[in-house]
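Engineer: Coordinates for the following, if possible.
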Amino acid sequence: MFGSQVLEVALGLVCVYLVLSIGCSGIKEAIAGAFSLRSKTLEEAIRNMLNDPNHDLAARFFAHPLITRAARPGDKPSYISSRNFTLVLLDLFAPTIGSQPRTIQELRNSLGNLPDSAVRRTMLGFLDAAQGDLGVYREKVETWFDDTMRRVSGWYKRKAQIIILVAGVLLCTILNADTFMLVRQLWNDQALRNMVVAEARSEASRQNHVSDPTLGEVQEAFQTASGPPLGWSRAAGDVRGLPRDGIAWVEKVLGILISIAAVSMGAPFWFDMLNKLINLRLSGGPPPSSQKTARVLT
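Structural biologist: Next up is the predicted model:
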């Protein structure tokens, strides 16, 4: 009984953390969309890669039809494939004339006419390493782009994590998401535990959980959170009321800080944790009877 109660409290707490994490992810996606964070991060990375004294190369790169068609008119793309990146560079460095194929010597001559810059030295280095093979040269440029994009992904994740952390601070404070309060209420209220565990099972039944939720998923998640004791109250004796003394304030602040730290770990983490706890709870139940087993097998 005690072990089952502990597991149910853990399930309820994880479910609340998951709901709050989905809310933070939704806020992050709204901010990222409003400020075009993905496309701006990509543009910054490519401008660093193509940095030249006059910044003309980067401007011509983003004006190329292959790039402009990858986004809505007036916007910058948030994703560029390594193949398109390489094709655009080849077209900028050594454009083809008519149906004549591009040669490695034409490419070398064009690169040699560029002002001395990091991108010129990089491209000439790839040419030397390719030893006259244009296909090998393209592979090296694509690898260069892919390696850079992996670092850019790290840049974006750090920006996103900061947004999620700030959103977590605001959300947990506004909703009074005090971990200590939640644990006490879940421990003492069997009906609340039953309701939250049922919601946890429903959430865990979703086969594909995305880290970037839609607005509908965020609204659904907060409807789920309406059961646990979240929010502030002025009613006398309500557990959600303001603390009455200094010790209670320290406990309240610490409880909210724990929730903020938990929420910052992200919705995918808590979704995986929820599934593990659900499986643990199910595995602890009694085995099916022989008659039920026979019906399943038949």
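Engineer: can you list the domain ranges for this protein.
Structural biologist: Domain assignment for the chain by automatic domain parsing gives 2-34+158-297, 37-152.
Engineer: can you pull the buried residues of stretch 73-83?
Structural biologist: For stretch 73-83, the neighbour count (16 or more other Cβ atoms under 10 Å) marks 76, 77, 78, 80, 82 as buried. C-betas here are computed from N, CA, C, even on glycine.
Engineer: would you list those in JSON lines and tack on pLDDT and distance to residue 244?
Structural biologist: Putting the buried residues of stretch 73-83 into JSON lines (pLDDT from 0 to 100; distance: Cβ to Cβ, whole Å) gives the following:
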{"residue": "76", "pLDDT": "85", "distance to residue 244": "54"}
{"residue": "77", "pLDDT": "89", "distance to residue 244": "55"}
{"residue": "78", "pLDDT": "88", "distance to residue 244": "50"}
{"residue": "80", "pLDDT": "92", "distance to residue 244": "58"}
{"residue": "82", "pLDDT": "93", "distance to residue 244": "61"}
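Engineer: quick one: which of these is nearest residue 168?
Structural biologist: Proximity of those to residue 168 (Cβ to Cβ) peaks at residue 78, which lies at 24.4 Å.
Engineer: ok, for that closest one, nearest residue in space, not its chain neighbours?
Structural biologist: Leaving aside its sequence neighbours, residue 78 sits nearest to residue 38 (Cβ to Cβ, 6 or more residues apart in numbering; 3.8 Å).
Engineer: before we move on, what about residue 262?
Structural biologist: residue 17 (4.8 Å).
Engineer: Burial check on that neighbour, number of neighbours?
Structural biologist: 24 (other Cβ atoms under 10 Å).
Engineer: What strand or helix carries it?
Structural biologist: Secondary structure assignment for residue 17, by DSSP states H and E: helix 2-34.
Engineer: Check which residues of whichever helix or strand comes after that helix are buried.
Structural biologist: Toward the C-terminus, helix 2-34 is succeeded by helix 37-49 as the next helix or strand (DSSP H and E). Neighbour counts using 16+ other Cβ under 10 Å place 37, 38, 39, 41, 42, 43, 45, 46, 47, 49 of helix 37-49 among the buried residues.
Engineer: what's the following helix or strand after the strand or helix carrying residue 83?
Structural biologist: Here residue 83, judged by DSSP H and E, is contained in helix 82-93. For helix 82-93, the following helix or strand on the C-terminal side (DSSP H and E) is helix 104-112.
Engineer: so how far is that following helix off the chain centroid?
Structural biologist: In terms of Cα atoms, centre = their mean, to the nearest Å, the centre of helix 104-112 is set 41 Å apart from its chain centre.
Engineer: What residues sit buried inside that helix?
Structural biologist: Quick answer for helix 104-112 (16+ other Cβ under 10 Å): 104, 106, 107, 108, 110, 111.
Engineer: re earlier: just put the buried residues of helix 37-49 in TSV and tack on distance to residue 240.
Structural biologist: Listed next are the buried residues of helix 37-49 as TSV, based on distance: Cβ to Cβ, whole Å:
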residue	distance to residue 240
37	35
38	38
39	42
41	40
42	44
43	46
45	46
46	50
47	50
49	52
